[in-house]
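> could you work out the structure for the sequence below:
(3 chains)
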Amino acid sequence: MRYIPNTPDDREAMLREIGVSHFNELIESIPESLRLKSPLKLPNGKSEGEVKTHMIELARKNRNATSSSSFVGAGSYDHFIPSAVNALASRSEFATAYTPYQPEVAQGTLQVIYEFQSMICELFGMEAANASMYDAGTALAEAVMLTFRSTKRSTIIIPDNIHPSYRRVTKTLTRCLDLNIIGVPCTDGKLDVASVEKELSDQTAALVLQYPNFYGIVENIEPFIQLAHSNKSLAIIVADPLAMGVLEAPGSFDADIVVGEGQGLGNPQSYGGPYLGLFAAKQKFARMMPGRIVGVTKDVDGRRGFVLTLQTREQHIRRDKATSNICTNEGLCATRATFFMSLIGPSGLRDIGNACMRRTAYLRDELARIKGFSCPQDGPHFKEFLLRIPGNAESFFEFMAERGILSGVPLSQLGLNDPHGLLVAVTENRTQTELDAYISLAKTFSKEYAHAVPASA
Amino acid sequence: MPSPHPLKQLQSETQLIFELSRPGRTGFQATATPASLPHVKLPSTLTRKTAPRLPEVAENTAVRHYTNLSVRNHHIDRDFYPLGSCTMKYNPKVNDELAAHPGFAAISPKQSEASSQGAMELMYELSSALIEITGMDHITLQPAAGAQGEQTALLMFRAYHEKCFGKPRKAVIIPDSAHGTNPASIVNAGYEVIQLPSADDGMVDVGALKNVLNEDIAALMITNPNTLGLFEKKILEINDLVHQAGGLVYMDGANLNALLGIARPGDMGFDACHMNLHKTFSTPHGGGGPGSGPVAVKKKLEPFLPTPVLVVLNNKFHWEWNRPDSIGNVHSFYGNFGIHVRALAYILSMGSEGMRGIAENSIINANYLRVMLADCYQIQQNVPCMHEVIISGSRQKARGIRTHDIAKRLLDYGVHPPTVYFPLIVPECMMIEPTESESRETLDDFVDIMKTIDKEVDEHPDELLSAPHLTPVRRLDEASAARTLDIRYYK
Amino acid sequence: MKIPTDLLYTKDHEWVRFNDGIATVGITDFAQGELGDVVFVQMPEIGSATSQGDAFGSIEAVKAVADLYAPVSGEVVEVNSTLEEKPETINSEPYQSGWIIKIKASNWEADKANLLDVAAYTDLTSA
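Residues are numbered from 1 along each chain as shown, chains lettered A, B, ... in the order given. Below you'll find the predicted structure:
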């Protein structure tokens, strides 16, 4: 037991000090019938070498973005992670600290979170950000609950071009509240003002918009926000932080709350978690925000210092009246995001955004030219687009995967009823060689396999 | 003014990264986009007019800045961290190395099942181990933290009563020693909270429980061992009573470390329990997350598990979505997989006998502190405890020093204070959880420090009242922080 | 600890000063001492109704929060806007400039019967 220092001799000596002759005397409060009579049915402890062998064997059964070209997105993206992010985040000082409840010995964590909050406010053009939520889906659910409490209205409009997972999570986490979620259909992946207007009522607490939307289209969210405000409803924007170097900030359009997925800010894809829910709002909602918030103050000697603040919102004080039941944030993921944003700076964020858009435009244009393929949704795209496949999108995925390209996410895998749709993501990590390989294989697919299932089927 | 003293340096005011920023500097160079690729022009309304004011610093400036911030943290690799209920055990390094392996770190949750079989197998292996450890029948790894695990289970309870009895019940009972997340999760799940006063011995008051049980009660939610570090002796009777009234019982697994290989929630009659992989199973706390809070359940709750459910179909791992009674997703994907990798590596390292070793050593360490501290400090229940011991600063308070001051003084000795003022039912409470990671010598050092502080109560009370003195900053004005609410750099 | 003799009190530690149909309400010196540094007061909107014994707002310290209960029924006619900028006024001057709201009482005589006089409140706080 390499992680437990005390030896059997140490234990014997300690039991003597405690005044018992056998360990079992310490657990007499556990009824005899409940004490396990035989060891747990688990393997015997393994050496570090054996553990590594076993785990790496499992790792090798997965295709990954370093051994295949990944165009898989839908909420998780292969963005570049500078080595300095990994190096700093692996420091025990950040990784093995607890929540900063004793601020005098947690200034490292606290100052990083303050810097994080400041940077998130800058990205989204907002006034107040928290220390993070679990992921974008849970951040959206919390935003919805905030608007429900603050407006005292009960309907939330979540259009159909919002990520289906975020919609599902929001529905689950609010299912016991007296709250009604309604959808709005989209045309070619886009929302029109008239269809949203039809759904607004004096019970509409909030309208949710995604920017860029689930299909990667950059819609003009401003008229929708104005529409919501004219109805005294709030506007919640689900925004991509990586797009904020090129896209106008949601705050400039008077968004009330902005949430988003912060994974792309220096966090690995890790099969879906741990991720980083971003949450920012107008100042007037600060006292109603969920999660932890760090503020500036001074110590008794007049030095600047950082503390958790507005703690009375939180569950450990307000208990059943708390703004949320959240206890941890995703501290280390937010820490990584802070390092990432410090390194890339405003120019890096802009360059990454442009790199995504140009690569996306190239691949989208070229694929649309291939016989049988089409990109049915127009409008500006950021780093993702919908591709219609001549044939079954899942078959296309398999065809490409066998040739080293993870080509996108079939819409059927996302619970959407469209066997031909494939959502293709292109980050700045994709090289022209990879893009051209994709195009060339798609051409082969078009020639050899397209006849099997007509595109209209 | 520059100062040559290293401690002075640590105690000098830090700059913010924004204050180090200089126009035109950067720590990043984007890979050039080939010139042949099209340029994209966004409509002007959608084009960013003012760049976000992120810092402009070179890579080495950022690295130095954050390295210097890092050393202002206490952390488990530095010294003792006996925060009760938080299980600050050692976080093995191999776990982090494995989680960073590209075969785990660089896989997308939305790539096909065929290309993710290793990840799914890992989750299946972890699930099976946790089911065995808890004595339950099924599990979901989806909840991202303990609090989310609580909410997930309560949503399942609600769905169970709706499905099996036509309507949900109204309220959930918690003891007054419960963690704050419990009542908050209960409200989020649409229930009322009924708080039950503990009996004098800190246990659930069975008589009082009987009085509140009726057909409106959906569940009892308790922590076992409870937040006083004591095993609920009458747990079988308690769980029977709740079941007889048609309710369900939930175990908050915050204190599971004490039970590994010794007793199992499933055998005690619990219908569901969460576990905190970041406590019991050694994954790093990360300065406040990411955690992971899987929920294990009995068979009758299986239909309500969050989607998707991991199953084996034709010898392949498969995510099953078509589950009409499921409560739905609670996470955007499958939960905090990177944490699952670390927890499985830990379980494999420790093995069956190691699990019991964790519990035994953590219980011995806590009892050792109980006995060694009893001379100087009030021990609330001076009977054998499980993995944590509750002491009270009431004797010191009578001499003018509060637990808050003792906690701050501990910082000067390089030790992180215990959890203080919780549970709420113990005056001047200190909740000490040494974990199995600490050696006898570390515990002896801690006892010496605690005894020294007790002496200081009489000899140098001012040192305590003004502590800490040797930390990067000293006592901070939390009231002014809450009043002025400076929460971002650029105003 | 100060307990002025010319005021009436609630068991929840609010005080009331009644003048010309208007009840001025605050929290007692004892209450501010128990809470510690007040950092925020959540106040009702002017024009909203209060009902004796019901919460009309809340008061927050750094690590504690307490509901504020209306000592009388009626309509809120004024809130103390000083508290938005300087909530700590409640700590320094709980009975004067730290007042919280003014209520136009609708049922004073009946409500008054349920309030504590200085002797009863002194008993309560020394219990």
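
> quick one: the helices in chain C?
Taking DSSP state H, the helices of chain C run over residues C:29-35, C:82-85, C:89-92, C:108-112, C:118-126.

> export these to CSV and append columns for distance to chain B and mean pLDDT.
C-beta: built from backbone N, CA, C; applies to glycine. Formatted as CSV, the helices of chain C follow (distance: least, Cβ to the nearest Cβ, whole Å; pLDDT from 0 to 100):
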stretch, distance to chain B, mean pLDDT
helix C:29-35, 11, 90
helix C:82-85, 9, 92
helix C:89-92, 9, 95
helix C:108-112, 29, 94
helix C:118-126, 19, 90
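
> low pLDDT regions in chain C?
Confidence mapping of chain C against pLDDT under 70 gives the ranges C:127.

> and for the stretch 201-350 of chain A?
Short version for the stretch 201-350 of chain A, where the test is pLDDT under 70: none.

> one step back: for chain A, find the nearest of the helices of chain C.
Taking Cβ to the nearest Cβ as the measure, the helices of chain C were each checked against chain A, and helix C:29-35 came out nearest at 10.7 Å.

> domain ranges for chain A, per the record?
Domain assignment for chain A by automatic domain parsing gives A:69-79+A:346-452, A:83-340.

> what about the last one, distance to the chain center?
Pointing back at domain A:83-340 there. The chain centre lies 10 Å from the centre of domain A:83-340; the measure is Cα atoms, centre = their mean, to the nearest Å.

> if we can go back for a sec, as TSV, the helices of chain C with mean neighbour count would be great.
Output for the helices of chain C, formatted as TSV (neighbours: other Cβ atoms under 10 Å in any protein chain shown):
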stretch	mean neighbour count
helix C:29-35	19
helix C:82-85	14
helix C:89-92	19
helix C:108-112	15
helix C:118-126	14
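
> ok, which of those comes nearest B:Pro384?
B:Pro384 lies closest, by Cβ to Cβ, to one member of those: helix C:29-35, at 36.2 Å.

> who's in contact with the residue lying closest to A:Glu261 once chain neighbours are set aside?
What sits nearest to A:Glu261 in space, not counting adjacent residues and going by Cβ to Cβ, 6 or more residues apart in numbering or on different chains, is A:Ala136, at 3.6 Å. If you count contacts by Cβ atoms under 8 Å, 6 or more residues apart in numbering or on different chains, A:Ala136 has them with A:75, A:163, A:166, A:238, A:259-261, A:275, A:277-278, B:332.

> can you pick the most crowded of the residues you listed?
Using other Cβ atoms under 10 Å in any protein chain shown as the neighbour definition, the contacts of A:Ala136 reach their maximum at A:Tyr275, which records 35 neighbours.

> related to what we said a few turns ago, pick the most deeply packed of the domains of chain A.
The highest average neighbour count among the domains of chain A, using mean count of other Cβ atoms under 10 Å in any protein chain shown, belongs to domain A:83-340 at a mean of 23.

> quick check: phi and psi at the residue of the stretch 101-250 of chain A found nearest chain C.
When scored by Cβ to the nearest Cβ, the stretch 101-250 of chain A has A:Tyr101 as its residue closest to chain C, at 10.8 Å. According to degrees, to the nearest 10, the main-chain angles of A:Tyr101 amount to phi -80, psi -20.

> just the pLDDT for it.
Per-residue confidence (pLDDT) for A:Tyr101: 89.

> isn't it right up against A:Leu308?
Yes: A:Tyr101 lies in contact with A:Leu308 (Cβ atoms under 8 Å); the separation is 7.5 Å.

> contacts only, for A:Arg153.
Listed by Cβ under 8 Å, 6+ apart, the contact set of A:Arg153 reads A:147, A:202-205, A:233.

> shouldn't it be within a strand?
No: counting by DSSP: H, G, I helix; E, B strand; the rest coil, one finds A:Arg153 to be coil, located in no strand.

> same question for stretch A:113-124, mean pLDDT?
Mean per-residue pLDDT for stretch A:113-124: 98.

> need phi/psi at the residue of the stretch 251-400 of chain A found nearest chain B.
Evaluated by Cβ to the nearest Cβ, the stretch 251-400 of chain A has A:Gly272 as its residue closest to chain B, separated by 2.7 Å. A:Gly272 has phi and psi values of phi 110, psi 0 when expressed as degrees, to the nearest 10.

> which ones are touching A:Asn325?
With contact set as Cβ under 8 Å, 6+ apart, A:Asn325 has these partners: A:315, B:147-148, B:150-151, B:181, B:184-185, B:187-188.

> nearest to chain C among those residues?
Minimum separation from chain C among the contacts of A:Asn325 (Cβ to the nearest Cβ) is found for A:Gln315, which lies at 12.1 Å.

> for that closest one, give its distance to A:Arg287.
15 Å (Cβ to Cβ, to the nearest Å).

> in contact with B:Ile432, which residues?
The neighbourhood of B:Ile432, defined by Cβ under 8 Å, 6+ apart, consists of B:82, B:84, B:366, B:369, B:388-391, B:418.

> distance of it relative to A:Ala361?
When distance is defined by Cβ to Cβ, B:Ile432 is 60 Å away from A:Ala361.

> center of the chain, which residue is that?
Looking at chain A here, since you left the chain open. Using Cα atoms, centre = their mean, the residue of chain A that lies closest to the mean C-alpha position is A:Glu261, 3.3 Å off.

> oops, wrong one, chain C.
The geometric centre of chain C, computed from its C-alpha atoms, lies nearest to C:Gly26 (Cα atoms, centre = their mean), at 2.6 Å.

> pretty sure that one sits against C:Ile90.
Yes: because the distance of 7.3 Å satisfies Cβ under 8 Å, C:Gly26 is recorded as touching C:Ile90.

> three-state assignment of the closest residue to A:Leu242 other than its chain neighbours?
Counting by Cβ to Cβ, 6+ apart, A:Gly264 is the residue found nearest to A:Leu242 once chain neighbours are left out, at 4.6 Å. Counting by three-state DSSP, the backbone at A:Gly264 sits in coil.

> before we move on, the earlier item: which among the contacts of A:Arg153 are in contact with chain B?
Among the contacts of A:Arg153, proximity to chain B is found for none (Cβ under 8 Å from any Cβ of the partner chain).

> ok, A:Ala131 to A:Gly331 distance?
7 Å.

> I should have written B:Ile194 there, sorry.
The gap separating B:Ile194 from A:Gly331 is 33 Å, by Cβ to Cβ.

> same check on A:Gln263?
From A:Gln263 to A:Gly331 the distance is 15 Å (Cβ to Cβ).

> turn the contacts of A:Ala136 into TSV, including secondary structure.
Formatted as TSV, these follow (three-state DSSP):
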residue	secondary structure
A:Gly75	coil
A:His163	coil
A:Tyr166	helix
A:Val238	strand
A:Val259	strand
A:Gly260	strand
A:Glu261	strand
A:Tyr275	coil
A:Gly277	strand
A:Leu278	strand
B:Ser332	coil
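
> show residues contacting the helix or strand hosting A:Ile156.
Here A:Ile156 is covered by strand A:155-157, with elements defined by DSSP states H and E. Residues outside strand A:155-157 that contact it (Cβ under 8 Å, 6+ apart): A:144, A:147-148, A:170, A:174, A:179-184, A:196, A:199-201, A:203-208.

> next step: those restricted to helices.
Assignment to helices by DSSP H places the following of the contacts of strand A:155-157 there: A:144, A:147-148, A:170, A:196, A:199.

> for the residues you listed, which two are the farthest from each other?
Using Cβ to Cβ, the pair of the ones in helices among the contacts of strand A:155-157 lying farthest apart is A:Phe148 and A:Val196, separated by 18.8 Å.

> give me the pLDDT for the residue nearest to A:Ser395 when sequence neighbours are not counted.
The shortest distance from A:Ser395 to any non-neighbouring residue, by Cβ to Cβ, 6+ apart, is to A:Tyr449 (7.2 Å). With respect to pLDDT, A:Tyr449 has a value of 71.
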